[in-house]
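Asker: Got a sequence here, can you build the structure:
(2 chains)
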There are 2 protein chains.
Amino acid sequence: MEFASKLLEKAVDEMSQLPGIGKRTALRLVLHLLRQPESQTFQLAKALETMRRDIKFCKNCHNISDYELCEICANPHRTNEIICVVEDIRDVMAIENTSSYKGLYHVLGGKISPMDGIGPNDLNIQTLVDKVKEGTVKELIFALGSTMEGDTTNFYIYKQIQDFEITTSTIARGISVGNELEYTDEVTLGRSIINRIPFESSLKL
Amino acid sequence: MEFASKLLEKAVDEMSQLPGIGKRTALRLVLHLLRQPESQTFQLAKALETMRRDIKFCKNCHNISDYELCEICANPHRTNEIICVVEDIRDVMAIENTSSYKGLYHVLGGKISPMDGIGPNDLNIQTLVDKVKEGTVKELIFALGSTMEGDTTNFYIYKQIQDFEITTSTIARGISVGNELEYTDEVTLGRSIINRIPFESSLKL
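Answerer: Model prediction:
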């Protein structure tokens, strides 16, 4: 693509470095900004800049936060005996939206993935192991995606902490509530039969 | 969606004002920026800001430019006797990529669309009429999209300039080169039969 303006080209180049945004989409977005009042672009630029500069990560769970300790870790009504291990902050948001969990989180910041050059040392695994060593944690819930990378990461953490007195669990996999059996993939359906639960306990949900 | 950080929320809000980018996509993009080096975000913010502040529109054809007169209008090898009327600068880029056109452009900045509240005065139509009045232009090529709004805009401009001695033409509609007849829509196929061209002249292309 040839651009009539270097400024435009630079803006499109930078924009198209975002994931899933190609040159054409970037151009469309940038031209949209040019048609809007100047203030919109300035506010966008400022918001991105201040966010990147001033945002903090909770020193306890590595969740994104405006303070040293995030609101979840700082909340005295939540138990620090259960830690839910997740990949990134979107998973924290998803679980928080369910209002079903009253423990704390630990955000790994990714999954072990040798293909992408991500090893255990690139993730927040050591701080999790240290927390377990301290002894207050009674249960770890593994809530990573059920991909090969997720399973590898789960297993790596499990090996590190298996000598401590701690319960480990993983979130239930099964058929989504409201879904039909016939449209469910075999692996999920198979697992949901193997991991069946007593009917009485399903009545309490 | 509840955000753990106001800074994050603000960035996602601003990002999701871009067309086709919802809250979820905006969050994905912003989290991507957080995982990248700070410099990437700063460069993106700066590129958008400088572009919005410093970009100019060519005083002759309203194309985007870094100077008062765009490179196309300033090029002495291009004829100023033919003007191609287009909707926005992406059309200029598309036509330039064909290397088939050696005249100038006139960027309207949109199409007449009463539904969206866009009237003739919101577009660069008057400057086009003024150019025609000056008398150097011999031909106007209408190259707007063939929608109702495009046709309306073409006709509006045509009415304004019909008393001047000037040829008007519109780009050819027909079956794309390489496409099969059976998959072409009826309107296009119909037009391509009505607007058939002598076989000899097709040999020269």
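
Asker: what's near enough to touch the spatially most central residue of chain A?
Answerer: The residue lying closest to the centre of chain A (CA atoms, centre = their mean) is A:Asp88, at 2.1 Å. For A:Asp88, the contact set (CB atoms under 8 Å, 6 or more residues apart in numbering or on different chains) comprises A:107-110, B:31. No exception for glycine: its C-beta is placed from N, CA and C like everyone else's.

Asker: redo that, cut-off 10 Å
Answerer: A:62-64, A:107-111, B:31, B:34-35 (CB atoms under 10 Å, 6 or more residues apart in numbering or on different chains).

Asker: again, but for A:Ala172
Answerer: A:191-192, A:195, A:197.

Asker: mind listing which of the residues you listed are in helices?
Answerer: Cross-referencing the contacts of A:Ala172 against helices under DSSP state H gives A:191-192.

Asker: okay if I get the contacts of A:Ala172 as a markdown table plus distance to B:Asp116?
Answerer: Output for the contacts of A:Ala172, formatted as a markdown table (distance: CB to CB, whole Å):
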| residue | distance to B:Asp116 |
| --- | --- |
| A:Arg191 | 51 |
| A:Ser192 | 50 |
| A:Asn195 | 54 |
| A:Ile197 | 55 |
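
Asker: Just give the nearest non-adjacent residue to A:Cys73, would you?
Answerer: A:Asn60 (4.4 Å; CB to CB, 6 or more residues apart in numbering or on different chains).

Asker: where does the one you found fall, phi/psi-wise?
Answerer: phi -90, psi -50 (degrees, to the nearest 10).

Asker: Surely it and A:Leu104 touch.
Answerer: Yes. Contact criterion CB atoms under 10 Å: A:Asn60 and A:Leu104 qualify, at 7.5 Å.

Asker: Overlap of the contact sets of those two?
Answerer: With contacts taken as CB under 10 Å, 6+ apart, A:Asn60 and A:Leu104 have A:70, A:72-73, A:80, A:83, A:131 as neighbours in common.

Asker: any idea which of those residues is closest to B:Thr98?
Answerer: A:Cys70 (54.8 Å; CB to CB).

Asker: Could you measure from that closest one over to chain B?
Answerer: 6 Å (CB to the nearest CB, to the nearest Å).

Asker: surely that residue meets A:Ile55?
Answerer: No. Counting by CB under 10 Å, A:Cys70 does not reach A:Ile55; the two are 11.3 Å apart.

Asker: follow-up on the earlier one: any of the shared contacts of A:Asn60 and A:Leu104 buried? List them.
Answerer: Neighbour counting with 16 or more other CB atoms under 10 Å in any protein chain shown marks A:70, A:72-73, A:83, A:131 as buried within those.

Asker: As CSV, these with pLDDT and distance to A:Ser169 would be great.
Answerer: CSV is the format used below for those (pLDDT from 0 to 100; distance: CB to CB, whole Å):
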residue, pLDDT, distance to A:Ser169
A:Cys70, 91, 23
A:Ile72, 92, 19
A:Cys73, 93, 21
A:Ile83, 94, 11
A:Lys131, 92, 17
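
Asker: tell me what the helix or strand harbouring A:Gln160 is packed against?
Answerer: Per DSSP states H and E, A:Gln160 falls inside helix A:148-161. Helix A:148-161 is packed against strand A:82-86, helix A:126-134, strand A:139-142, strand A:167-170, with contacts defined by 3 or more CB pairs under 10 Å, 6 or more residues apart in numbering or on different chains; DSSP states H and E.

Asker: most neighbours per residue, which of the ones you listed?
Answerer: strand A:82-86 (a mean of 22; mean count of other CB atoms under 10 Å in any protein chain shown).

Asker: and the angle for that one with helix A:148-161?
Answerer: 140 degrees (axes from the mean of the first three to the mean of the last three CA atoms, to 10 degrees).

Asker: at contact distance from chain B, anything in the top helix by length along chain A?
Answerer: Criterion DSSP H: the longest helix present in chain A is helix A:38-54. Yes. Applying CB under 10 Å from any CB of the partner chain, one finds helix A:38-54 in contact with chain B at A:38-54.
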